[in-house]
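**Q** Quick one, fold the following:
(one chain, ligands or ions: 2)
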Amino acid sequence: MLVQIGQRKAEPDVVALLVECHGRIRKFLGFAQRIAREPEVEAEEVRAVAGQVRRYFAEALPLHIADEEELIVPALAGAGLDAALAAMRAEHADHAAAVARLVEACDLLARDRAARGELGAAADALVELFEPHLAAEETVIFPAVAALLRERRDAIRQGMRARRE
Ligand SMILES: [Fe+2]
Ligand SMILES: [Fe+2]
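**A** Ligands and ions are numbered 1, 2, ... in the order given. Sure thing, here's the model as predicted:
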């Protein structure tokens, strides 16, 4: 029997963390669409959720993008994915204006409920940009990360944690 002394609770694999990030992107886009469209949502909830959506896209999404560009791109150099990685980076740059529009719509909504229409339009535009982007990462890039040696995956996870400390 293999006895492991001082074994710590296993940390989630880096791919699980990346998939969780994508879950949050989809969740907050869904929140934005909901507060934009559902008439029964109370004004106070609209304001609170708009604040959460704003914070996610202004503060957390840039960390995920930095993880992909600064940790994953170099880790996958030579893996035969140059075109997919270049497309991923180009899409990040292409998304910037639509993300800024969503953040601005959240700011507007904090002052004026009439901005719900703009928030809905901004969220729809972002869903359209993000869905194929997230799907490509999940089907092409994340499986390649999963195939890296454990030490490489752990190093990426540590880099992600350091960025958030
Ligand atoms: Fe990405
Ligand atoms: Fe991603």
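**Q** C-terminal to the lowest-mean-pLDDT helix or strand in the chain, what's the next element?
**A** Across the helices and strands of the chain, the lowest-confidence element by mean pLDDT, DSSP states H and E is helix 43-55, at a mean of 94. If you walk from helix 43-55 toward the C-terminus, the next helix or strand you reach (DSSP states H and E) is helix 61-66.
**Q** re the thing from before, name the surrounding residues that touch the least confident helix or strand of the chain.
**A** Residues from elsewhere that reach helix 43-55, judged by C-beta atoms under 8 Å, 6 or more residues apart in numbering: 28, 31-32, 34-35, 41, 102-103, 106-107, 109-110, 113, 116, 119. From N, CA and C alone the C-beta is placed, and that goes for glycine too.
**Q** of all those, which comes closest to residue 143?
**A** residue 28 (24.9 Å; C-beta to C-beta).
**Q** could you list every residue that touches residue 123?
**A** 29, 32, 33, 36, 102, 105.
**Q** how about the nearest residue to it, chain neighbours excluded?
**A** residue 32 (3.8 Å; C-beta to C-beta, 6 or more residues apart in numbering).
**Q** Tell me where this protein is predicted with low confidence.
**A** By pLDDT under 70, the low-scoring segments of the chain are 1-9.
**Q** and if we set it to 80?
**A** Residue ranges of the chain with pLDDT under 80: 1-10.
**Q** how about the helices of it, start to end?
**A** Assigned by DSSP state H, the chain shows helices spanning 14-37, 43-55, 61-66, 73-75, 82-111, 116-136, 142-146, 150-164.
**Q** how about the first one: buried residues?
**A** Of the residues in helix 14-37, those buried by neighbour count under the rule 16 or more other C-beta atoms under 10 Å are 14-15, 17-18, 21-22, 25, 28-29, 31-36.
**Q** quick one, it and helix 82-111 angle?
**A** Per axes from the mean of the first three to the mean of the last three C-alpha atoms, to 10 degrees, the angle that helix 14-37 makes with helix 82-111 is 40 degrees.
**Q** Other residues contacting helix 14-37?
**A** 12, 41, 45-46, 49-50, 52-53, 56-57, 60-61, 64, 67-68, 102, 105-106, 109, 116-117, 119-120, 122-124, 126-127, 130, 134, 137-138, 142, 145-146, 153-154, 156-157, 160.
**Q** Can I get the buried part of those as one PyMOL selection?
**A** The following PyMOL line selects those of these that are buried, judged by 16+ other C-beta under 10 Å:
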select buried, resi 46+49+50+53+56+57+61+64+67+68+102+105+106+109+116+119+120+122+123+126+127+130+134+137+142+145+153+156+157+160
